[in-house]
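A.B. asks: The sequence isn't on hand, but the structure is:
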């Protein structure tokens, strides 16, 4: 079945450091790919998405490129801030049939000043 | 737009008691999802509905859990009887369709503690 694998956390970075959170997927067909973010005490919210190969999703300084050849959708940010501390979830959804999102296990990011 | 609304935000109960969690999806959305989040197991999909009809409940852990959606604007997740291992944060989410483009909107969650 469809699945998403994320790098395990926690990830701890200093402010202004470069961030990469790896995400790879297995899916039948051609999925859409998503990154969701969960701030402390809140629900998940969509951070960015990409719906076809080579698309780049971006939002709030975060970027991720849909790489079909490596089945990856790594999340990057050039300079993290303390306010980026959260749990980040990679997810996919296939177009075939009516299926819900398939989530990875999440990666906790802590940014220290 | 009010977003997905869940109540209560926090619930503390004793083992053996019945617990009912409530969710109001975003108006016009036709899919509703219930998730459970724990440190050990991460985010788990419990059940989801389409147009008020349960589509897949294979994630419901056992018969103590039940979910209903009597109309397009309301859903409940009930645990009876509750056990300490049910302690978790329960999220409700809704979406318009489940096609590849469609975003799921999450509620703020209900933190359940079973003593």
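C.D. replies: Looks like it came in fine. Here the structure is a predicted model, which means the values were calculated and not measured.

A.B. asks: Report whether the lowest-mean-pLDDT helix or strand in chain A contacts chain B.
C.D. replies: When the helices and strands of chain A are scored by mean pLDDT, DSSP states H and E, strand A:102-103 comes last with a mean of 90. Yes. On the criterion C-beta under 8 Å from any C-beta of the partner chain, strand A:102-103 is in touch with chain B at residue A:103. Placement of C-beta: from N, CA and C, glycine included.

A.B. asks: Could you spell out the sheet neighbours of that strand, each with its direction?
C.D. replies: Using DSSP bridges, strand A:102-103 pairs in its sheet with strand A:86-93 (antiparallel).

A.B. asks: for the spatially most central residue of chain B, helix, strand, or coil?
C.D. replies: Central residue of chain B (C-alpha atoms, centre = their mean): residue B:34, 3.0 Å from the mean position. Under DSSP: H, G, I helix; E, B strand; the rest coil, the three-state class of residue B:34 is strand.

A.B. asks: got the contact list for it?
C.D. replies: Applying C-beta atoms under 8 Å, 6 or more residues apart in numbering or on different chains, we find residue B:34 in contact with B:23, B:45, B:46, B:47, B:48, B:67, B:75, B:77, B:90, B:91, B:92.

A.B. asks: Could you let me know which of these ends up closest to residue A:78?
C.D. replies: Distance to residue A:78 across these (C-beta to C-beta) is lowest for residue B:91, with 30.6 Å.

A.B. asks: how far away is the residue lying closest to that closest one once chain neighbours are set aside from residue B:49?
C.D. replies: If the residues on either side of it in the chain are set aside, residue B:91 comes closest to residue B:35, at 4.4 Å by C-beta to C-beta, 6 or more residues apart in numbering or on different chains. Applying C-beta to C-beta, to the nearest Å, the value for residue B:35 to residue B:49 is 13 Å.

A.B. asks: Settle it for me: which of the two has more neighbours?
C.D. replies: Shown here are residue B:35 and residue B:49; by other C-beta atoms under 10 Å in any protein chain shown, residue B:35 has more neighbours (28 against 22).

A.B. asks: quick one: pLDDT of that one?
C.D. replies: Residue B:35 carries a pLDDT score of 95 in this model.
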